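Participant: What follows is a predicted structure for the sequence shown.
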Amino acid sequence: MSIKTLRPRERKELMRKLFEDLIKKHRYLIIIDAYRLRANMLSEVRLLEKELGFIIKGGKKGVFLKALERIYPDVVDVLKENLHGQVLFIFTNNDPFDIAYELDKFEMDLEAS
């Protein structure tokens, strides 16, 4: 049994197409700052995907912006200026305020380092 490994360019192209599909199929996009987000907290959030009706994806910001540019070219410049650091993308058709409210429950204070 052979497993095909994707080259970086192929992987980026596949991810861009996935982002394009998600952008087209979902009405709302929530962008989360993932800086210092703990893996166990992310796992808990992923468990809520089906319950709250969203899809959470991480990935390269540049690949996401390329996908967005193909669908909504006028929005990319504004978003590019404000997109910094590590981010996660949540795609949904449900009320984004309900999802944000539920996700705020996971917010916790971290000790200074």
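Facilitator: Happy to help now that I have it.
Participant: May I have the beta-bridge partners of the most centrally placed residue in the chain?
Facilitator: Residue closest to the mean C-alpha point of the chain, counted by CA atoms, centre = their mean, is F89 at 1.5 Å. Note on F89: beta-bridge partners I31, K57, judged by DSSP bridges.
Participant: So it is in contact with V63, correct?
Facilitator: No: F89 lies out of contact with V63 (CB atoms under 8 Å); the separation is 10.7 Å. For glycine as for every other residue, the C-beta is placed from the backbone atoms N, C-alpha and C.
Participant: and the residue nearest to the centre of the chain, what does it touch?
Facilitator: Contact analysis of F89 by CB atoms under 8 Å, 6 or more residues apart in numbering lists 19, 22, 29-32, 56-59, 64.
Participant: again with N94
Facilitator: Taking CB under 8 Å, 6+ apart, one finds 28, 52-54 in contact with N94.
Participant: Show me which positions of the lengthiest helix in the chain end up buried.
Facilitator: Ranked by residue count, the top helix of the chain under DSSP state H comes out as helix 8-25. Neighbour counts over helix 8-25 (16 or more other CB atoms under 10 Å) mark 12, 15-16, 18-20, 22-23 as buried.
Participant: need the helices for this protein, in chain order.
Facilitator: So, for the chain - with DSSP H - the helices run 8-25, 39-47, 49-52, 61-71, 76-82, 96-104.
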